[in-house]
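[1] Sequence and predicted structure below; questions after.
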Amino acid sequence: MQSDPMTLTLFAPLFGAILAFLFPRAARALGLVAVLVTGGAVVWLARAVLAEGAVTLALGGWAPPLGISLRADGLSVAMLAMTAAVGLLVSLGALDALRDARQTRYFWPLWLLLLTGMNGVYLSTDIFNLYVMIEVIALAAVGLTVLSGTRAALRAGLEYMYASILGALLFLMGVGFVYLQLGRLDFAGLITAEPSGALSAALALMVVGLALKTALFPLHFWLPAAHANATAPASALLSGLVVKAALYIFLRLTTYMPLPDEVLVTLIGTLGAGAVIWGGIQALRAERLKLLVAWSTVVQIGLIFIAFARAGQVGLTESWKAAALLILAHGVAKAAMFLAAGRIKDEVGHDTIRELDKSAIRPTLAQFTFALAAISLIGLPPSLGFIGKWSLMEGAMAAGYWHWVGVTMIGTLLSVAYFSRVLAGFLRFDRVRAPLGEHQGWALADVAPLTLAVSAIGLGLLAAPILSFIELGYPFGAMP
Amino acid sequence: MTPDIIYGVTGIAVFAIGLVGALCAQDRLRRVLALKLASVGAGFVLVVAAWRAPPAAPDPVPHALVITGIVVMVSATAVALALIRRLQSLEAEDAE
């Protein structure tokens, strides 16, 4: 094995997963070490990318189109860094949240396998490799969904499994079409290919498959139940990280194989708008806190697709940056929110929104964390979510596409409304008067979600360096 | 009609049948089988991509891809079947 940060980001979690499965008693320690080593490798890789731009590694010395090569540019490293950082904090949260021995035993191997798959997606340079990686992610993600072992979680997990396999098969069919047409599968081959009907059909198949995997309206049917019924750390990983892999592939593919028609860009934006409005209405109606948070994921994914379509076909060279910012912002904030929701459920004993303010126990710090994460998801300054939404609307205004601005505004109002349902309950103190000192309102377990939520707000102040970093190595320019 | 067109159209047809089954079937096991069928169809299309008019040797790369695809699908099917079994035994408990 070459000593290289890219191979390390793949092999550290993979070997960690195998070891954690073989030695369940040491699973926690092994898991944390593997995540830390992965994080270190990402920092190493980030330094290399900062110094020399995009870095490429031909595995085993075989160059594409025959061999498989790994490539990291600014966008890949940003996604890797988000995954590693969110993953580390969720891992710390999981130390407290998972007390059941069986859950701990399976959580760590599954989560490390998931990390391997995610890192693989962000470093891949050919579409068959991407297919294998999304299947690795799907299997690990389904495992995490059913970790709680309840009937609801199993049913949701099975539904997720069907959607996930079907999405991957549609993607595989597209891969087959590309090979029929081009005889190669690497990104460089896609960029240089002449646009043709067969390639457009292949792209359409792959995009539908990815939409199913990332739960773009109206293919979102599996997401709310799957994310709401998982255990808190699993929900945080599924909502914060897993859906981002398919979104990232979508960003890459659509820029290497440009969408053939302006109509398709508008269609993607329209589906996003559908997600924002339908998801918003469902979040307003949700009775349980975790279900509300899951519906807000549907909304945010819609928003990311609107950001992608905000300036039409000619604006795609800029629009991907707005989409990437929203992807990063949502990853951090949603992980914080799911962990906080899990903490609230743990302390209060249930997560029925209407009953939350009637509880004598007030997990104050978890509620504060939830509010901070909501600020970023609503898009209030100075959070990263605000910067993402701002660049979405700025681009749409500059291109004269006011309908996207309108939809984004409606979505923002809806998100204020549904998060207020929860926050208003947190702020009511008149219902119950609990004896003072009986409950301190915070616990050590609140540190991980709070750190995530504070980062979601604070990263907004670093938006300029983040933007210039994701452009490193010209992610969407010519490939070397 | 050359063999590649016959096999290609067959592959797409098998994939479409699987797709319809996966979306429309009610029974859990049937949906898994439909997904398997769709994966066979996708494999067909990849194998067609390897075909060259004899005497030229076929392209080995798609064959490698199909084998990988089969391995992936076997694992996915195993997971789906395990989930279905678990769910069935839990539901049998509820019924008692």
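    Now that the structure is in, tell me what you want to look at. Numbers count the residues shown, from 1 in each chain, chains lettered A, B, ... in the order given.
[2] could you list every residue that touches residue B:13?
    residue B:41 (CB atoms under 8 Å, 6 or more residues apart in numbering or on different chains). Bear in mind the C-beta positions are built from the backbone N, C-alpha and C, glycine included.
[3] what helix or strand does it sit in?
    Here residue B:13 sits within helix B:3-24, counting by DSSP states H and E.
[4] Quick check: phi and psi on whatever residue of the stretch 1-150 of chain A ends up closest to chain B?
    Per CB to the nearest CB, residue A:135 is where the stretch 1-150 of chain A lies closest to chain B, at 4.6 Å. Note on residue A:135: backbone dihedrals following degrees, to the nearest 10 are phi -70, psi -40.
[5] Tell me which residues touch it, please.
    By CB under 8 Å, 6+ apart, the contact list for residue A:135 reads A:168, B:72, B:75, B:76.
[6] What is the subsequent helix or strand relative to the helix holding residue B:13?
    Per DSSP H and E, the first helix or strand lying C-terminal to helix B:3-24 is helix B:28-50.
[7] Next secondary structure after that next one?
    helix B:60-95.
[8] Counting neighbours, what do you get for residue 74?
    Defaulting to chain A. As a burial measure, residue A:74 scores 23 neighbours (other CB atoms under 10 Å in any protein chain shown).
[9] Can you look at chain B instead?
    That count, for residue B:74 with other CB under 10 Å as the rule, works out to 11.
[10] Please apply the same query to the one 3 residues further on.
    For residue B:77, the number of neighbouring residues by other CB under 10 Å comes to 16.
[11] Okay, it and residue A:176: tell me how far apart.
    The gap separating residue B:77 from residue A:176 is 20 Å, by CB to CB, to the nearest Å.
[12] Work out for me the element the residue of the stretch 301-450 of chain A found nearest chain B sits within.
    Going by CB to the nearest CB, chain B is nearest to residue A:301 of the stretch 301-450 of chain A, at 21.2 Å. Assigned by DSSP H and E, residue A:301 belongs to helix A:289-309.
[13] now for that helix, which elements pack on it?
    Applying 3 or more CB pairs under 8 Å, 6 or more residues apart in numbering or on different chains; DSSP states H and E, we find helix A:289-309 packed against helix A:223-229, helix A:232-237, helix A:243-256, helix A:262-285, helix A:316-348, helix A:384-398, helix A:402-426.
[14] pull the CA atoms of stretch A:318-337 into CSV?
    What follows is stretch A:318-337, C-alpha atoms only, in CSV (Å, rounded to 0.1, in the frame of the first residue of the first chain):
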residue,chain,number,x,y,z
GLU,A,318,-21.4,29.4,-10.7
SER,A,319,-24.5,27.6,-9.4
TRP,A,320,-22.6,24.5,-8.3
LYS,A,321,-20.8,26.6,-5.7
ALA,A,322,-24.1,27.8,-4.1
ALA,A,323,-25.3,24.1,-4.1
ALA,A,324,-22.0,23.0,-2.6
LEU,A,325,-22.2,25.6,0.2
LEU,A,326,-25.8,24.5,1.0
ILE,A,327,-24.6,20.8,1.0
LEU,A,328,-21.9,21.6,3.6
ALA,A,329,-24.2,23.8,5.7
HIS,A,330,-26.9,21.2,5.8
GLY,A,331,-24.5,18.4,6.7
VAL,A,332,-23.3,20.2,9.8
ALA,A,333,-26.5,21.7,10.9
LYS,A,334,-28.7,18.6,10.4
ALA,A,335,-26.3,16.4,12.2
ALA,A,336,-26.4,18.8,15.2
MET,A,337,-30.2,18.9,15.0
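[15] and that stretch, average pLDDT?
    The average pLDDT for stretch A:318-337 rounds to 93.
[16] for that stretch, which positions count as buried?
    By neighbour count on 16 or more other CB atoms under 10 Å in any protein chain shown, the buried set for stretch A:318-337 is A:319-337.
[17] For chain B, what lies in contact range of chain A?
    B:8, B:15, B:18-19, B:22-23, B:28, B:31-32, B:35, B:38-39, B:41-42, B:45-46, B:48-49, B:59, B:61-62, B:65, B:68-69, B:72-73, B:75-76, B:79-80, B:83-84, B:86-87, B:90-91, B:94 (CB under 8 Å from any CB of the partner chain).
[18] Buried among those? Need that as a selection in PyMOL.
    Selection of buried members from the residues of chain B next to chain A for PyMOL, criterion 16+ other CB under 10 Å:
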select buried, chain B and resi 8+15+18+19+22+28+31+32+35+38+39+41+42+45+46+48+49+61+62+65+68+69+72+73+76+79+80+83+84+86+87
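[19] what's near enough to touch whichever residue of the stretch 151-300 of chain A sits closest to chain B?
    Residue nearest to chain B within the stretch 151-300 of chain A (CB to the nearest CB): residue A:176, separated by 3.8 Å. Contacts for residue A:176 (CB under 8 Å, 6+ apart) come out as B:42, B:45, B:46, B:49, B:62.
[20] possible to save these as TSV with distance to residue A:116?
    As requested, those are exported to TSV (distance: CB to CB, whole Å):
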residue	distance to residue A:116
B:42	24
B:45	28
B:46	25
B:49	28
B:62	25
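[21] would you list the residues you listed in a markdown table and tack on pLDDT and distance to residue A:454?
    Below are these laid out as a markdown table (pLDDT from 0 to 100; distance: CB to CB, whole Å):
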| residue | pLDDT | distance to residue A:454 |
| --- | --- | --- |
| B:42 | 90 | 45 |
| B:45 | 86 | 49 |
| B:46 | 86 | 48 |
| B:49 | 83 | 51 |
| B:62 | 87 | 50 |
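[22] before we move on, back to that, what pLDDT does the model give the residue of the stretch 1-150 of chain A closest to chain B?
    93.
[23] same check, this time on the one 4 residues further on
    The per-residue pLDDT reported for residue A:139 equals 94.
[24] How about residue A:431?
    62.
[25] and if you look at residue A:436?
    Value for residue A:436, per-residue pLDDT: 54.
[26] contacting residues around the residue sitting nearest the centre point of chain B?
    Closest residue to the average C-alpha location of chain B: residue B:39 at 1.9 Å, with CA atoms, centre = their mean. Residue B:39 makes contact with A:165, A:169, A:172, B:18, B:69, B:70, B:73 under the criterion CB under 8 Å, 6+ apart.
[27] Give the full set of residues in contact with residue B:53.
    For residue B:53, the contacting residues are residue B:2, by CB under 8 Å, 6+ apart.
[28] From residue A:452, how far out is it?
    From residue B:53 over to residue A:452 the distance is 58 Å, taken as CB to CB.
[29] next one: residue A:115
    Counting by CB to CB - residue A:115 and residue A:452 are separated by 17 Å.
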